[in-house]
Each structure stands twice: as structure tokens, then as C-alpha cells.
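>>> quick one: sequence and predicted model below, then my questions.
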Protein chains: 2
Amino acid sequence: MTLSITHLGPPGTYAEQAAVFYVNWLTKSTGFEATLSPYPTISQSLHAVADGKAHLAVVPVENSIEGSVTTTLDTLWQLDSLRIQLALVLPIVHTLISCASSLDKIKTVYSHPQALAQCQGWLERFLPTVQIIPSNSTTEALQRLEQETTTAAIASSRAAQLYNLPILASGINDYPENCTRFWVVSQGEADAGYRASTIDASHTSLAFSMPANTPGALLRPLQIFAQLGINLSRIESRPTKRSLGEYLFFMDLEADVKEAQMQSALAELTMHTEILKILGAYNILPISAVT
Amino acid sequence: MTLSITHLGPPGTYAEQAAVFYVNWLTKSTGFEATLSPYPTISQSLHAVADGKAHLAVVPVENSIEGSVTTTLDTLWQLDSLRIQLALVLPIVHTLISCASSLDKIKTVYSHPQALAQCQGWLERFLPTVQIIPSNSTTEALQRLEQETTTAAIASSRAAQLYNLPILASGINDYPENCTRFWVVSQGEADAGYRASTIDASHTSLAFSMPANTPGALLRPLQIFAQLGINLSRIESRPTKRSLGEYLFFMDLEADVKEAQMQSALAELTMHTEILKILGAYNILPISAVT
């Protein structure tokens, strides 16, 4: 069987790098083959799976420096049919790609806003006078570099190879411990074939809204999980988009949704929430080497 | 006395609109006069105040649709000397500005990523084939519109007036209840002259980090405030930038930092946090009419 997998494009993005790693792992462990389809936005790559045009999407959720990828959270909240199957953690090493003969020839630097923010200190130090221009992905501006020799882009070394472009500086991210967590997302319930193992999932992610104007409402959900000994590894708030000051909460919990403790917690949680969505139960696969 | 106030530029941004409102209010209530200084990034507008180059910065904190402005939170965490003096809530009405004779002539739309995200549905419906290009502010691209008649930008109607450019469509934000909360920030402790009133502040904002690897650590801070009857109106997590899975928490609480309850809560909170910063105590001034 050949699976189709969507990701943020054009080719060479970190999302594609995570997807390539996932495909290699999947082929080795299950014999599945896969083709990759780049989409211009993360939202479109998720919608393609919800609409049945692809089997899986590999989407960034969170970077260790710049935080949540909010478009991923908001789109998963909207699209009821999607479930997280696996998490991947990719170390991020940014490079400055340009056909300029040296740094002092560069007048413009393009990249995704997250990548620009992750290299802000380096840019201020080494390219203090350049114009910084955000783009829709790290690779969107690469095609113009051959024509525009005073232009540079921030992307991965793998992207430089793919587009056959020179690297002027490597490891330019301000914080060395830079990594991004991705989710592999499919339609409907878990298909064990897509996953890291058939053993229990290590994490469950969920999201919920609460009845409007309930002061101190967040305390109860946290208490429910704490009392049952379930550790909360992450909490993120997002606006409900109804009115300023109303939030959804996204939680990552260190337990399989199938465990009895978790089932008790969820049963109690439904009594305190307005809408509760289980986004999926999954394991985490670290990506140690660049493939 | 003339105060200098920084904001995200070029002129015509929503931050400038909030700053203009604030200056009008300030002049009426205190007799202070003020000059506005646009900066190319939010971070730079805050650094100018921390470095003593300006008295106040007006910075966006949170939009009701797109959520936190993370660069504001991260910069306030870094710059110890800044304190919030006042919050302003500005209704956001986006317009499509272009010299094109009609919508079907438009090939490219520029705006700040938050504004693009807030008009995503409208763009997909009315301009499904255009190229969407993020810019550093809503007004950055306005100067090119007179030359480039197939280009449009999303900004406020006030920006269209300032640059003397035509509006092709108004109220194009996907959600009508779109507003942005701004903070007015100065160096050091409160100066009553900058504030909405000398009465008690309605809100206190703080941020804290916690000792690494303390499961369930967030529960205790929430319990402390709940037990003392202090309502939490917002919680936001941000990465510590040390390693994936370690977070700072930003909280807005509905009490003045000077109240006895709040002082008790803070005394207990310091025992459970690693670094605790009080970002300021302030009132909220709604901006009802566009000035």
C-alpha cells in the first residue's frame, strides 16, 4: 500500500524533513510505502487529510524557542475527524543560504517568521542593516536566490542541497537547544500501522472549551488529572474567537487514553467542560540524525 | 512635559491607533503632551523604553482571534525594568486597500501575519488565487501600492486615509468580534500620571518560571489564587528556550498587586516558582470610537 503524506512546502522545509524521516521509519517497520505532497500552508495540509485527499499530514506543533504553532492547534480544533497518531521531535539547525560572495553583500533575508525569530540575535549581530522579510515557509524564497545575489534565506542545510545553493553560515540559531515537535495526523481512529508501536501510547492530547464566565474554571481540570496521578506535560490556551478573554485549552497528558485512570479523568472532565475533544493518543519518536 | 511614546510602525498601524487614543486621553486627563515614534518591530519599541530613549511604549498583547503576541511577552520577560501602566482594548476592522480597479485585478495581498490570519476566510472566498505575502506590519507594504496596481494590503481604514489610498472592501475580518488588547508600558514603578486613574488597579499581570521537571507544578499556583478568591482571567505558556517541554507562565489576575490577598498569594507563590516577575498592575480603558 502506498500512503500519501502532506506537509508544508515547497520541498525542503523542516516539515518535509520530519515527513521523510517518518516515511523511512514506516517503510522499515511496516513495509508501507509513501509519497509526499507539499502544500502552501499548514492548514491546507491538514484539510487535505480531513477531505480524504491524503492519508496523513506531518505538521509542526511546537518549537522549543518560539512556542506553539497556533495554526496547527486552531485547525485541529476545527476539523473534528483528525487524530494524532505519532509525535516526532526534530533538532533544528538553521543555515544562511545565499549566492552572495560574502555576508556584507547581503541586503535582504527571507524566511518563515518562526525561523527569523529563532535567528534574531545572529541577524542583529552579523547582518544589522539588512531588510528582514517574512515568507510562508523557510523554502519559499529559495528559488529567487540564483537571480538575486544580494538576497539570502534561512532554511535547513538539506534545503540548500535540494536547491543546489551555497551555505554562507551554519548553525545560526540563537539557542543551540532548538527543536520542533511534529504531529503525524490521520483521519478517524488510530490505525496501529501508522504508529511507533502497538504498545500503550505515552501521551494523550485533548482540547476543551468551558462555559463562558466561569471564574477559576481551569483549576478543576488540573485537579482532576493531578488527583489521579496523571502528569500534565503541556498546557496551551487559544482564543475561542467569540470574544476577548474566552479561551480554549490544549493539554498534553502523560498517559494513554485507554488507561482506567484516564477514562475516569475524562468522565469527570466532561462535567466541567463545554466541548471536549480527544485529539489522539500517541508515542514520541525522536529524530536523532538528519536523514 | 512632553512624553515620547513608541509603537510598531510605519505610521497607520493599529498600535499607532491605540497610541493616538492614549495620547488624547492622557492630554485631556493630565495636560501631558506626547510625540509618537514608530519602530520597525515591537521588540525594538520596548527596548527603546528600557534603554531610556522613550517614556512609554504601546504594544499589542493579545488579539481575540489570533491570540497572544508572543514577541511582546518574550521581550517583557527579558527586560526587567519595564512595568505595565494601562491596558487598552481596540476594536479591529480590517479593510482591503489597493489602487486596483476591481478585486479581480489583484494578484498579491500583503499584511502582517496576524491580520492575514484574521481575514483568511474572506481571502479564500473573494481572492482564492492571489499570492499572500506576510509583512512586518499592516502598513509596511502601503507605500508600494501606488506603483503596483495589482497589489493590495490589509490594514485599517485610518491607514488608507493617512496614505491617501483607496479602500476596495471594508470589514473583511472573518469574525466581527475582533479586538486587540494593548499594554502601555513604562520603565520602573507606576507613575500615576500615565494611568487611567489613581484608584486601585483592576488587574495584575505576572510571569514565572518553575524548577525544571516538577510534575503537576502548575496546579499549586492556580490553587493559591483560587483559595484567596482571586480570579485568573488569562494564562499563557511560553517556552523557557532552555529545552522543549519547559515553560514560563504568564498570568493576568483580577486584583491590584497592593491588595492584602494578592500580597499573601505572591508570598506563597515565590515558594513554588524559580523566577517570579510582577509585570505591572493596571486598569483597562476600552477604545469605543476610532479617533
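Looks like it arrived, so ask away.

>>> sketch out the low-pLDDT regions of chain A for me.
Counting by pLDDT under 70, the low-confidence segments of chain A come to A:189-198, A:213-216, A:289-291.

>>> how is it carved up into domains?
Per automatic domain parsing, the structural domains of chain A span A:2-92+A:178-189, A:95-170, A:203-282.

>>> and the shortest one, does that touch chain B?
This points to domain A:95-170. Yes: shown here: domain A:95-170 in contact with chain B (C-beta under 8 Å from any C-beta of the partner chain) through A:Pro113, A:Ala117, A:Gln120, A:Ile132, A:Ile133, A:Pro134, A:Ser135, A:Asn136. The way it works is simple: take the backbone N, C-alpha and C, and place the C-beta from them, glycine included.

>>> before we move on, the earlier item: pick the most buried one from the domains of chain A.
Of the domains of chain A, the one with the most neighbours on average (mean count of other C-beta atoms under 10 Å in any protein chain shown) is domain A:2-92+A:178-189, at a mean of 20.

>>> and that domain, how far from the chain's centre?
Relative to its parent chain, domain A:2-92+A:178-189 has a centroid offset of 7 Å by C-alpha atoms, centre = their mean, to the nearest Å.

>>> TSV for the domains of chain A, including distance to B:Glu259?
Formatted as TSV, the domains of chain A follow (distance: least, C-beta to C-beta, whole Å):
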stretch	distance to B:Glu259
domain A:2-92+A:178-189	31
domain A:95-170	37
domain A:203-282	16
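
>>> relative to B:Pro11, which of those is closest?
Across the domains of chain A, B:Pro11 has its closest neighbour in domain A:95-170 (18.6 Å, C-beta to C-beta).

>>> now for the residues of domain A:95-170 next to chain B, which pair is the farthest apart?
So, the residues of domain A:95-170 next to chain B by C-beta to C-beta: farthest apart are A:Gln120 and A:Asn136, at 19.0 Å.

>>> picking that back up, okay, the residues of domain A:95-170 next to chain B in TSV with secondary structure and distance to B:Ile42 next?
As requested, the residues of domain A:95-170 next to chain B are exported to TSV (DSSP: H, G, I helix; E, B strand; the rest coil; distance: C-beta to C-beta, whole Å):
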residue	secondary structure	distance to B:Ile42
A:Pro113	helix	12
A:Ala117	helix	11
A:Gln120	helix	12
A:Ile132	strand	13
A:Ile133	strand	17
A:Pro134	strand	14
A:Ser135	coil	19
A:Asn136	coil	21
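
>>> what's the closest of the domains of chain A to B:Phe21?
With C-beta to C-beta as the measure, domain A:203-282 is the member of those nearest B:Phe21 (16.6 Å).

>>> measure that closest one end to end?
End-to-end span of domain A:203-282 (C-alpha to C-alpha, to the nearest Å): 5 Å.

>>> now it, how far from the centre of its chain.
20 Å.

>>> over to stretch A:133-147?
Put simply, stretch A:133-147 sits 20 Å off its chain's centre (C-alpha atoms, centre = their mean).

>>> could you dump it to PDB, C-alpha only?
Extracted in PDB, the C-alpha atoms of stretch A:133-147 (Å, rounded to 0.1, in the frame of the first residue of the first chain):
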ATOM      1  CA  ILE A 133      11.200  39.700   5.100                       C
ATOM      2  CA  PRO A 134       8.900  37.000   6.400                       C
ATOM      3  CA  SER A 135       7.800  34.300   4.000                       C
ATOM      4  CA  ASN A 136       5.200  31.500   4.200                       C
ATOM      5  CA  SER A 137       7.800  28.800   4.700                       C
ATOM      6  CA  THR A 138      11.600  28.500   5.100                       C
ATOM      7  CA  THR A 139      11.900  27.400   1.500                       C
ATOM      8  CA  GLU A 140       9.500  29.700  -0.400                       C
ATOM      9  CA  ALA A 141      12.200  32.300  -1.200                       C
ATOM     10  CA  LEU A 142      14.900  29.800  -2.300                       C
ATOM     11  CA  GLN A 143      14.000  29.900  -6.000                       C
ATOM     12  CA  ARG A 144      14.800  33.600  -6.200                       C
ATOM     13  CA  LEU A 145      18.300  33.300  -4.800                       C
ATOM     14  CA  GLU A 146      20.100  32.400  -8.000                       C
ATOM     15  CA  GLN A 147      18.800  35.500  -9.700                       C
END
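
>>> residues making contact with it?
Under the criterion C-beta atoms under 8 Å, 6 or more residues apart in numbering or on different chains, residues A:8-14, A:40-41, A:97-99, A:108-113, A:115-116, A:151-156, A:159, A:163, A:165, B:113, B:132-136 lie in contact with stretch A:133-147.

>>> now swap in stretch A:35-55 and tell me
A:2-11, A:13, A:15-16, A:19-20, A:23, A:56-60, A:69, A:71-72, A:75-76, A:79, A:81-82, A:136-137, A:185-187, B:120.

>>> ok, which stretches of the stretch 101-250 of chain A are strands?
A:108-111, A:131-134, A:151-155, A:167-170, A:179-187, A:203-209, A:232-239, A:247-253 (DSSP state E, counting those that start in this stretch).

>>> about what we covered before: of the residues of domain A:95-170 next to chain B, closest to chain B?
A:Pro134 (4.1 Å; C-beta to the nearest C-beta).

>>> okay, the closest one and B:Ile132: tell me how far apart.
Distance of A:Pro134 to B:Ile132, given as C-beta to C-beta, to the nearest Å: 11 Å.

>>> got it, and A:Arg220?
In this view, A:Arg220 and B:Ile132 are 41 Å apart by C-beta to C-beta.
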